[in-house]
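**Student:** This is a predicted model, with the sequence first.
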Amino acid sequence: MTRFVIVGGGLAGAKAAETLRAEGFDGEIVLFGAEPEPPYERPPLSKGYLLGKAERESAFVHSAQWYADHNVDLRTGVTVTAIDPAAHEVTSGGSAMTYDKLLLATGASPRRIDIPGATLDGVRYLRTLPDSDRLREAFAGGRRVVVIGAGWIGLETAAAARMADCQVTVVEPQPGALYGSVGPELGRVFEDLHRSHGVEFRFGETAAEFHGDASGRVGSVLTSAGAVLPADVVVVGIGVMPNVGLASSAGLEVSNGVVTDAALRTSHPDIYAAGDVAQTFLPLLGRHVRVEHWANALNGGPAAARSMLGQQVTYDRVPYFYSDQYDLGMECSGLPEPGTYDEVVYRGDRAGLEFIAFWLSAGKLVAGMNVNVWDVTEDVQALIRSGRVLDPVRLADPAVPLAEI
Ligand SMILES: Cc1cc2nc3c(=O)[nH]c(=O)nc-3n(C[C@H](O)[C@H](O)[C@H](O)COP(=O)(O)OP(=O)(O)OC[C@H]3O[C@@H](n4cnc5c(N)ncnc54)[C@H](O)[C@@H]3O)c2cc1C
């Protein structure tokens, strides 16, 4: 019987298994996941679940019963340690299993901080359900929290900590929040939001050392500017690294992720990659990108599954992500990194946090972010796809429907 093996029990892996069955694949599906839990979604871990407002079960992609009902051989708590592309074999727990097609959906892991005191108790990362459980406990009772990194994870964690009544300081080497992700203009919107909730920022500074207290727990953070920040908890959110170990040991092409073409095929014909680990050629942008966001796992897993089934696949979605912080909800389409745009245009009430921001390059839309404005993603993405030069005055005018610009 044909056997498809999926390595990585996250959203991309689970969605790929679901699509294989939905498309009528009746061979064997083996899904390996290193974590003890069945595949789950991570966004609630820094939002509703961390705040204690969402049930643990709501994070799971499928119920445990779903895997049995769909004859998906889910092996949780099992790490695949090697791939042999020539023999079409994966190894786990010392035993080998052959595959006909293999999907790498191994995701990413938090980048670790390497400074004195980094291993002290109370220095935390946020990637897994147990990480989120521990943070929620740590935030209980209004503690002093220092967040290292003003990216999405850092800011969402800062919001959750403030909502738990903790005192929060964020240390960030860049000149502003979310700098590399959305640039200074929109970064300021989030800085102002957090300041209005009592968060203190220290931009242009790095964490130089973590100091322990008498019990061996973290007690303070020394910054590169010489400031000593008292801390009961430190949350490190300085980005993630794609889990490429298996792929590089197996000789697959790896470059900040497992390199794939637009059909999510790696450099080996029977091996595919999707989700956070994949560095995929996106025809829309004309280059390879690694997108570390939920929607890319949600849609990339299924696209890889179709590709594994021999269907013609061109994975060409506009990158999309979202975030919730305090009462602010936003969606962003496109990748508005500094250097990719020359103008930002606003439609709506920027100060009142109800607006759409458009990043333009030579008049063409690079990206759009809707903040507390909903049901515009399709229109924004259509404008990005159109590649047309747009009139900024009409873009800024709420009286002009987006579909008519
Ligand atoms: C706290 C948090 C909040 C987030 N919030 C948002 C958000 O609001 N919006 C948004 O767009 N995105 C968000 N993201 C990003 C989003 O969750 C990721 O893009 C998504 O989880 C990627 O899914 P994945 O399946 O590719 O990888 P992962 O979720 O990393 O899953 C990969 C799985 O593979 C397992 N694995 C790795 N190697 C092996 C191996 N050798 N053998 C077996 N198993 C292996 C890993 O243990 C892991 O369980 C958030 C991420 C985090 C951590």
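**Tutor:** Looks like it came in fine. Numbers count the residues shown, from 1 in each chain.

**Student:** Quick check: phi and psi on the residue of the stretch 51-200 of the chain found nearest the ligand?
**Tutor:** Relative to the ligand, the nearest point of the stretch 51-200 of the chain is Gly107 (2.0 Å; C-beta to the nearest ligand atom). Glycine gets a C-beta too; all of them are placed from N, C-alpha and C. Note on Gly107: its backbone torsions stand at phi 70, psi -150 [degrees, to the nearest 10].

**Student:** now do Val233
**Tutor:** Here is the backbone geometry of Val233 (degrees, to the nearest 10): phi -140, psi 140.

**Student:** Count the neighbours of the residue of the stretch 51-200 of the chain closest to the ligand for me.
**Tutor:** The local packing of Gly107 (other C-beta atoms under 10 Å) involves 24 other residues.

**Student:** Over to Leu365?
**Tutor:** 27.

**Student:** Quick one, grab the pLDDT at it.
**Tutor:** On pLDDT, Leu365 comes in at 98.

**Student:** who does it bridge with?
**Tutor:** Assessed by DSSP bridges, Leu365 has beta-bridge partners Leu360.

**Student:** where's it relative to the ligand, distance?
**Tutor:** Shown here: Leu365 relative to the ligand, a distance of 20 Å by C-beta to the nearest ligand atom, to the nearest Å.

**Student:** which residues does that residue contact?
**Tutor:** For Leu365, the contact set (C-beta atoms under 8 Å, 6 or more residues apart in numbering) comprises 334, 358-359, 380, 383-384, 386, 390.

**Student:** among the residues you listed, which two are most distant?
**Tutor:** The distance between the two most remote of the contacts of Leu365 (C-beta to C-beta) is 14.9 Å, for Trp359 and Ser386.

**Student:** And the residue in the stretch 251-400 of the chain that the ligand sits nearest to, its phi and psi?
**Tutor:** Using C-beta to the nearest ligand atom, the closest approach of the stretch 251-400 of the chain to the ligand is made by Gly275 at 2.1 Å. Main-chain torsions, Gly275, degrees, to the nearest 10: phi 80, psi -160.

**Student:** can you count the residues close to the closest residue to it other than its chain neighbours?
**Tutor:** Ranked by C-beta to C-beta, 6 or more residues apart in numbering and with sequence neighbours excluded, the top spatial neighbour of Gly275 is Ala12, at 3.0 Å. A count of nearby residues for Ala12, using other C-beta under 10 Å, gives 35.

**Student:** Contacts only, for the residue of the stretch 51-200 of the chain closest to the ligand.
**Tutor:** So Gly107 contacts 8, 10, 12, 242-243, 275-277, 297 (C-beta under 8 Å, 6+ apart).

**Student:** Out of the residues you listed, the closest to Gly93 would be?
**Tutor:** For the contacts of Gly107, the nearest to Gly93 is Gly8 (16.4 Å; C-beta to C-beta).

**Student:** could you say what helices and strands the helix or strand harbouring Val235 packs with?
**Tutor:** Taking DSSP states H and E as the definition, Val235 sits inside strand 233-236. Applying 3 or more C-beta pairs under 8 Å, 6 or more residues apart in numbering; DSSP states H and E, one finds that strand 233-236 contacts strand 123-124, helix 129-139, strand 144-148, helix 152-163, strand 218-223.

**Student:** give me that answer again for 6 Å
**Tutor:** Applying 3 or more C-beta pairs under 6 Å, 6 or more residues apart in numbering; DSSP states H and E, we find strand 233-236 packed against strand 144-148.

**Student:** gap between the strand it packs on and the chain center?
**Tutor:** Relative to its chain's centre, strand 144-148 lies at 21 Å (C-alpha atoms, centre = their mean, to the nearest Å).

**Student:** and that strand with helix 129-139, angle?
**Tutor:** Relative orientation of strand 144-148 and helix 129-139, computed by axes from the mean of the first three to the mean of the last three C-alpha atoms, to 10 degrees: 140 degrees.

**Student:** Now strand 144-148: buried residues?
**Tutor:** Neighbour counts over strand 144-148 (16 or more other C-beta atoms under 10 Å) mark 144-148 as buried.

**Student:** Got phi/psi on Ala12?
**Tutor:** Dihedral angles (degrees, to the nearest 10) for Ala12: phi -60, psi -40.

**Student:** Double-check it against Pro302; I have them as touching.
**Tutor:** No: look at Ala12 against Pro302 with C-beta atoms under 6 Å: they stay out of range, at 8.9 Å.

**Student:** still on that earlier bit, indicate each strand paired with the strand holding Val235 and its parallel or antiparallel sense.
**Tutor:** strand 123-124 (parallel), strand 144-148 (parallel).

**Student:** Let me see the ranges of the helices in this protein.
**Tutor:** 11-22, 64-69, 129-139, 152-163, 179-196, 245-249, 294-308, 377-386, 392-396 (DSSP state H).

**Student:** tell me which parts of the chain are close to the ligand?
**Tutor:** 7-13, 32-35, 42-43, 45-46, 79-80, 105-108, 126-127, 153, 243, 246, 275-276, 292-295, 297, 321-323 (C-beta under 6 Å from any ligand atom).

**Student:** quick one: low-confidence parts of the stretch 51-200 of the chain?
**Tutor:** Of all residues in the stretch 51-200 of the chain, none has pLDDT under 70.

**Student:** give me that answer again for 80
**Tutor:** 141-142 (pLDDT under 80).

**Student:** Please tabulate the contacts of Gly107 in TSV, including the columns pLDDT.
**Tutor:** Output for the contacts of Gly107, formatted as TSV (pLDDT from 0 to 100):
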residue	pLDDT
Gly8	98
Gly10	98
Ala12	99
Pro242	98
Asn243	98
Gly275	98
Asp276	98
Val277	99
Ala297	98
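
**Student:** ok, Gln318 - contacts?
**Tutor:** Check again: residue 318 is Val, not Gln. 333, 381, 384 (C-beta atoms under 6 Å, 6 or more residues apart in numbering).
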